[in-house]
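J.: here is my input; please provide its structure:
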Amino acid sequence: DGIITMAGAAEAVAAIPPSRRAIVTSSTRDLALVRLGLTGLGMDTMVTADDVDNGKPHPDPFLLAARLLGVDPQRCLVIEDAPSGLRAGRAAGCATLGVPGTHNLEDLDADAVIESLDHIRFIYDDMAGIRIIAA
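T.: Below is the predicted model:
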């Protein structure tokens, strides 16, 4: 009960190849797997509270996710609905995008904020990487 998929999340996940996306969550692995299973959003790379000594707002979870993906954190975009996650992403050197969910838009301090993921589209290109355009 209460588990919903954010508008535009399924489309974002589908647009980004599995080798270029990760979920970074403050929940345990078991809880994250249950929640992801209910949403139908598959994720090959996942970092949970079980995987790091220092969780959000520390950068450790996002640094580990970037390492697992084989990507420089400065080439990563953290999409977050919580201030502590945005602080962690920024501390890891990632770009940040705030989306309301657990917190209101005005509470999110990010490089950019949007009202909903369905306002943007992710486009993947092998050479250029991932681009974001208005929907």
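J.: show me the residue at the heart of the chain, geometrically.
T.: residue 79 (4.1 Å; C-alpha atoms, centre = their mean).
J.: any idea what that one is bridged to?
T.: In this entry, residue 79 is beta-bridged to residue 97, by DSSP bridges.
J.: shouldn't it be in contact with residue 117?
T.: Yes. Counting by C-beta atoms under 8 Å, residue 79 does reach residue 117; the two are 7.4 Å apart. Where you see a C-beta, it was placed from the backbone N, CA and C, and this is true even at glycine.
J.: quick revisit: and the gap between the residue nearest to the centre of the chain and residue 52?
T.: 19 Å (C-beta to C-beta, to the nearest Å).
J.: swap in residue 40?
T.: From residue 40 over to residue 52 (counting by C-beta to C-beta), the distance is 26 Å.
J.: which stretches of this structure form strands?
T.: For the chain, the strands defined by DSSP state E cover 22-24, 45-47, 77-80, 95-98, 112-113, 120-125, 129-134.
J.: list the contacts of the third one.
T.: So that's strand 77-80. Residues outside strand 77-80 that contact it (C-beta atoms under 8 Å, 6 or more residues apart in numbering): 12, 24, 62, 85-86, 88-90, 92, 94-99, 108, 110, 117, 130, 132.
J.: now restrict these to buried residues only.
T.: Neighbour counting over the contacts of strand 77-80 (16 or more other C-beta atoms under 10 Å) leaves 12, 24, 62, 85-86, 88-90, 92, 94-99, 108, 110, 117, 130 as the buried ones.
J.: quick one: contacts for residue 3?
T.: Contacts of residue 3 by C-beta under 8 Å, 6+ apart are 35, 38-39.
J.: mind redoing it with 6 Å?
T.: Taking C-beta atoms under 6 Å, 6 or more residues apart in numbering, we find residue 3 in contact with 35, 38.
J.: phi, psi of it?
T.: With angles defined as degrees, to the nearest 10, residue 3 sits at phi -90, psi 120.
J.: quick one: the helices in this protein, in order.
T.: For the chain, the helices defined by DSSP state H occupy 9-15, 29-39, 60-69, 83-91.
J.: make CSV out of those and add mean pLDDT and distance to residue 48.
T.: Output for those, formatted as CSV (pLDDT from 0 to 100; distance: least, C-beta to C-beta, whole Å):
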stretch, mean pLDDT, distance to residue 48
helix 9-15, 92, 17
helix 29-39, 92, 4
helix 60-69, 98, 8
helix 83-91, 98, 13
